[in-house]
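Student: sequence first, then the predicted structure:
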Amino acid sequence: MLIEMIEKISGDTAYFEAVLTSEDLADLLSDAGLRLVRAWGGYRPSTSDLEKLNDLFRLRPEIEFCATEPGQLGSLPELQRVSEAVSGCFGEGLHDLKALKRLRSLGLTEADFTALPEYADTLEELSLSGRISKKSGACLSKLTRLKALSLSGTTLESFACIGKLKLTSLYVYGNRPNSPAGLEALSSLRELRVKNNSSWTDFSFLTELSSLESLCLEYCAKLRTLVPLDTLHQLRYVRLGNCDSLEDLSSLRSLTADCEVFATGRKLLQAGIAYEYSPKTGVAEWCREASPNLPTELLARRREPS
């Protein structure tokens with residue numbers, strides 16, 4: 001029986017703490033917004049539960065399963081998207097993943113994934129959190145089909161290991177690696193998000209990301225000024241959120257008129273400046289009209305609502 005109370009808390013996640021019935025499976029299949037399924041409250045899924053879930057993942061391959069203990073994946077060969085609740089849910093050396101022949105998306109916590117390249121040649125999305133050993137980090141370069149990488153509070157020492165990957169999306173949360181050196185090689189990157197970073201001071205690598213469409217820098221404490229972005233002709237979204245040292249917005253002048261922009265931070269607010277521009281509505285608003293940092297070219301982009 002699905003827990004209705006928890007479903008209300010998170011509409012895209014289904015938690016279960018008892019045997020799954022055929023009716024439950026039908027409900028899951030019909031829920032267009034469902035994105036994640038996992039056991040809850042210490043419940044250990046039975047063989048029957050896993051068989052029903054395997055049918056779900058065969059018909060709805062976009063749904064992710066969160067493993068709660070080793071041994072669960074052997075009955076889920078149709079599963080393509082999987083993460084672990086805590087470290088060790090995929091068995092020693094991630095052995096359980098060998099059962100997933102069409103694995104596309106994987107989430108790991110505090111894992112040694114040195115063996116991952118041996119049986120993850122279909123992997124396109126990887127999310128890592130916690131400690132990463134040097135050997136595991138080096139293995140990232142072997143995941144040649146990887147398109148999206150998320151690093152949340154990891155101990156990765158350098159981006160050199162991903163420089164040759166054809167990544168289109170990268171998310172970095174935290175201070176490691178403590179330098180963005182190596183990111184300039186990601187010429188295929190279309191989406192970059194960096195959050196809660198207080199170590200990076202040089203963002204000049206951005207000028208080399210010629211395919212970038214979306215740039216989101218949030219809580220980047222040492223970002224003082226943004227490099228000119230005139231080489232990024234594909235850029236359509238820029239968010240500079242709560243970057244408290246940011247004080248110079250002049251680089252925004254080089255953006256095209258169809259690029260949506262949001263910028264705020266402590267120094268900007270102290271100066272009475274906050275900037276938001278949406279090409280859909282033609283809005284260009286500042287907290288104070290007579291801002292000394294106001295790029296006149298930006299106001300020239302103002303459009304009348306259609």
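Tutor: That came in fine, so what should we check first? Residues are numbered from 1 along each chain as shown.
Student: for the stretch 151-300 of the chain, which segments count as helices?
Tutor: Taking DSSP state H, counting those that start in this stretch, the helices of the stretch 151-300 of the chain run over residues 266-270, 296-299.
Student: lowest-confidence stretch among the ones you listed?
Tutor: Note on the helices of the stretch 151-300 of the chain: helix 296-299 shows the lowest mean pLDDT, a mean of 49.
Student: flag the shaky bits of the stretch 151-300 of the chain, pLDDT-wise.
Tutor: Applying pLDDT under 70 to the stretch 151-300 of the chain flags the ranges 281-300.
Student: the nearest residue to residue 115 once chain neighbours are set aside: what's it in contact with?
Tutor: Once flanking residues are discounted, residue 115 sits nearest to residue 93: 4.8 Å by C-beta to C-beta, 6 or more residues apart in numbering. Glycine gets a C-beta too; all of them are placed from N, C-alpha and C. If you count contacts by C-beta atoms under 8 Å, 6 or more residues apart in numbering, residue 93 has them with 112, 114-115.
Student: for my notes, confirm residue 93 occurs in a helix.
Tutor: Yes - checked against DSSP: H, G, I helix; E, B strand; the rest coil, residue 93 lies within a helix.
Student: ignoring the adjacent residues along the chain, who's closest to residue 100?
Tutor: residue 79 (5.6 Å).
Student: surely the one you found and residue 67 touch.
Tutor: No - judged on C-beta atoms under 8 Å, residue 79 makes no contact with residue 67 at a distance of 9.4 Å.
Student: check the residue nearest to residue 100 and give its pLDDT.
Tutor: For residue 79, the predicted pLDDT is 97.
Student: that one: how many residues sit nearby?
Tutor: Number of residues near residue 79 (other C-beta atoms under 10 Å) recorded here: 28.
Student: likewise residue 120?
Tutor: Neighbour count of residue 120, defined by other C-beta under 10 Å: 23.
Student: so what sits against both of residue 79 and residue 67?
Tutor: Each of residue 73 lies in contact with both residue 79 and residue 67 under the rule C-beta under 8 Å, 6+ apart.
Student: isn't residue 72 right up against residue 47?
Tutor: No - Residue 72 lies out of contact with residue 47 (C-beta under 8 Å); the separation is 10.4 Å.
Student: the two: who's more crowded?
Tutor: Between residue 72 and residue 47, counted using other C-beta under 10 Å, residue 72 has the larger neighbour count: 25 against 8.
Student: return the distance of the more buried one relative to residue 16.
Tutor: Using C-beta to C-beta, to the nearest Å, one obtains 13 Å as the distance from residue 72 to residue 16.
Student: please enumerate the shared neighbours of these two.
Tutor: Shared contacts of residue 72 and residue 16, counting by C-beta under 8 Å, 6+ apart, come down to residue 45.
Student: and the strands in the stretch 51-200 of the chain?
Tutor: Under the criterion DSSP state E, counting those that start in this stretch, the stretch 51-200 of the chain contains strands at 64-67, 81-84, 105-109, 125-129, 148-152, 169-173, 191-197.
Student: would you list the ones you listed in a markdown table and tack on mean neighbour count and distance to residue 203?
Tutor: Output for these, formatted as a markdown table (neighbours: other C-beta atoms under 10 Å; distance: least, C-beta to C-beta, whole Å):
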| stretch | mean neighbour count | distance to residue 203 |
| --- | --- | --- |
| strand 64-67 | 22 | 32 |
| strand 81-84 | 22 | 30 |
| strand 105-109 | 21 | 28 |
| strand 125-129 | 19 | 23 |
| strand 148-152 | 19 | 17 |
| strand 169-173 | 19 | 12 |
| strand 191-197 | 19 | 9 |
